[in-house]
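S.K.: sequence plus the predicted model coming up.
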Amino acid sequence: MNARRPWGRFLVPVTRGVVGMKDALRARGLLRSHALRWPVISVGSLSAGGAGKTPVVIALAKMLRAQGWEVDVLSRGYRRDGRDVARVDRSVDGAAARFGDEPVLIAACTGAPVWVGANRLAAGRLAEADVSDAQRGVHLLDDGFQHRRLRRAVDIVLMTEEDLDDALLPAGNLREGFSALARADVVVVREDELESAGKRVWRLLRDGTQMWTVRRSLRFPAPLFVFGAGLRPVAFCAIARPEGFAAMLQNAGCGVVETVAFRDHHRYTMTDVERVVEIAKGLNGSGFVTTEKDAVKLTAAMRARLAQHGPLMVVALEAVFADTDAVMRSLAAMLQVGEQTR
């Protein structure tokens, strides 16, 4: 196991103890889970960030809606300003700060209602109160593997090769140990890691757990695509694993000369934008590249400042299941079983 923070090794037993205590309380029925009227599909991970949950939530929402399901998304809204439970409204000023960057992105990409709040049970009840009793649909629980207060029909867990070599918090980024995968109905691995990570993951799963493969790609805006920010763009992002974004840009043929990384979910200021512009000037950069998740946090003034030096290209990180039909058949079967056991 790799320790990102060696000083944290001494506190790993505390994390393990807290997780174990919660499991024991649940086994005794002292921590209960509650059902909603609609079934819940949870999309989560063992790691605290960077597994690629948001693109998978978006992909599932699009797939389910295309099949005629009513879909909404329940999200914590990590590092948002508000504490109440609210439906994402992309039209309000500072929407990313009010609701969280990922919820705003999910709402923009899917068109589905997105509800945010630490209390996902309350969010789900509000979501259901917003629709007719005759409507049947499904909730997507974003980053929900550890949110066990809400009963779910399907538990989907994303695993990466990096997760398999990681350690528990605070030494690493794992919120739970690998034994927690026994709760998973489905584990999702990346297509490019199927050979290296897939076999290792299989050994950790209980009988009956399915493994789905997801293909990740970058979608560049037309008409210039990878050259939308010129031949020497500077990339910037505030995501959990910026090195992965940088590698994908390079592999796609985007000639990035520098990647400026901020802390995951970082809220940009004009000072940050000035720093990125100065780096571009120093490297004779032709423009800027960032992710959709980052773009929702840029104000009009920030975009204008970047435009004074060069064009801004916003790139979408997309996830597509290798076998979409098989995924939909599996989901339909699991949701039917979930409905029968509610």
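M.R.: Nice, thanks for sending it over.
S.K.: let's see stretch 90-105 as CSV, backbone CA atoms only.
M.R.: Coordinates of each C-alpha in stretch 90-105 appear next as CSV, following Å, rounded to 0.1, in the frame of the first residue of the first chain:
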residue,chain,number,x,y,z
ARG,A,90,-28.4,26.7,-13.0
SER,A,91,-29.8,30.2,-13.8
VAL,A,92,-28.9,31.8,-10.5
ASP,A,93,-25.8,33.8,-10.1
GLY,A,94,-23.0,31.8,-8.5
ALA,A,95,-24.8,28.5,-9.1
ALA,A,96,-21.6,26.4,-8.6
ALA,A,97,-21.0,28.0,-5.2
ARG,A,98,-24.6,27.7,-4.2
PHE,A,99,-25.2,24.1,-5.2
GLY,A,100,-21.7,22.7,-5.8
ASP,A,101,-19.7,22.3,-9.1
GLU,A,102,-20.5,18.7,-9.8
PRO,A,103,-24.3,19.0,-9.2
VAL,A,104,-24.4,22.0,-11.6
LEU,A,105,-22.5,20.0,-14.2
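S.K.: quick one: average confidence on that stretch?
M.R.: Per-residue pLDDT over stretch 90-105 has a mean of 96.
S.K.: and it, which residues are buried?
M.R.: Along stretch 90-105, the positions that meet the burial threshold by neighbour count (16 or more other Cβ atoms under 10 Å) are 95, 96, 97, 98, 99, 100, 101, 102, 103, 104, 105. Heads up, the C-betas are built off the backbone N, CA and C, glycines and all.
S.K.: any idea how far it is from the chain center?
M.R.: How far stretch 90-105 lies from its chain's middle: 15 Å, per Cα atoms, centre = their mean, to the nearest Å.
S.K.: what sits up against that stretch?
M.R.: Where contact means Cβ atoms under 8 Å, 6 or more residues apart in numbering, the residues beyond stretch 90-105 that reach it are 54, 58, 73, 75-82, 86, 88-89, 107-108, 114, 116, 142, 265, 267, 292-294, 296-297.
S.K.: the strands in the stretch 101-250 of the chain, which residues?
M.R.: 114-116, 137-142, 154-158, 186-190, 210-219, 233-237 (DSSP state E, counting those that start in this stretch).
S.K.: setting aside sequence neighbours, what's the nearest residue to residue 111?
M.R.: The spatially closest residue to residue 111, leaving aside those adjacent along the chain, is residue 65, at 7.7 Å (Cβ to Cβ, 6 or more residues apart in numbering).
S.K.: and for that neighbour, the neighbour number?
M.R.: For residue 65, the count of nearby residues is 16 (other Cβ atoms under 10 Å).
S.K.: next one: residue 298
M.R.: Applying the criterion other Cβ under 10 Å, we find 19 residues in the vicinity of residue 298.
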